[in-house]
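# any chance you could fold what I've pasted below:
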Amino acid sequence: MTDERDTRRGGYGADDGDDTAAVRPSGKRSARRSRSASSGASDTGSIATIDRPERKAETKSGRSERDRSRNPFKRLFKFLREVIAELRKVIWPNRKQMVTYTTVVLVFVIFMVAFISGLDLAFIKGVDWLFG
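This is a model prediction of the structure:
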């Protein structure tokens, strides 16, 4: 249990005695940074984690200026390439799965139409009986 706690806290021991809990990283760090923090650079890993939001803001502002100045056709082609790359990662259903999913959806839609129609008819009859 203490080994897991040591890894999560960036290499600090559970019984160091110093006040390192306030400097503990939030856990939102990349795999590369967590490996370097657990391999012995415990002090610099926590400082780098604290300074990271400032560096992120600097790179974001520089990146947005570059994106605005680029050719819109290049951005469009880059977007389309990324879309195609993401679509290649999709696990497409086979024919049997597609038939099953379509059948389930159609049965559910038919059931819901019948249910709502029944409620509508019941409310119409109730209003006619109450006021009519």
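# any stretches of the protein with poor pLDDT?
1-69 (pLDDT under 70).
# one more pass at 90, please.
The model of the chain has pLDDT under 90 over residues 1-71, 132.
# name the single longest helix found in it.
Taking DSSP state H as the criterion, the chain has its longest helix at helix 95-131.
# which residues touch residue 93?
residue 101 (C-beta atoms under 8 Å, 6 or more residues apart in numbering). (Glycine included, C-beta is placed from N, CA and C.)
# Provide the secondary structure category for it.
Counting by DSSP: H, G, I helix; E, B strand; the rest coil, the backbone at residue 93 sits in coil.
# and it, backbone torsions?
The phi/psi pair for residue 93 (degrees, to the nearest 10) reads phi -70, psi 150.
# now residue 89: how far from residue 99?
24 Å (C-beta to C-beta, to the nearest Å).
# what packs against the longest helix of the chain?
Helices and strands touching helix 95-131, by 3 or more C-beta pairs under 8 Å, 6 or more residues apart in numbering; DSSP states H and E: there are none.
# just the CA coordinates for stretch 112-128, please, in CSV.
Once non-C-alpha atoms are left out, stretch 112-128 reads as follows in CSV (Å, rounded to 0.1, in the frame of the first residue of the first chain):
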residue,chain,number,x,y,z
MET,A,112,-42.8,4.5,-27.5
VAL,A,113,-45.2,5.6,-30.2
ALA,A,114,-47.9,3.2,-29.0
PHE,A,115,-47.3,4.2,-25.3
ILE,A,116,-47.5,8.0,-26.1
SER,A,117,-50.6,7.4,-28.3
GLY,A,118,-52.2,5.4,-25.5
LEU,A,119,-51.5,8.2,-23.0
ASP,A,120,-52.9,10.8,-25.4
LEU,A,121,-56.1,8.8,-26.0
ALA,A,122,-56.5,8.3,-22.2
PHE,A,123,-56.1,12.1,-21.6
ILE,A,124,-58.6,12.9,-24.3
LYS,A,125,-61.1,10.5,-22.9
GLY,A,126,-60.5,11.8,-19.4
VAL,A,127,-60.9,15.5,-20.4
ASP,A,128,-64.1,14.6,-22.4
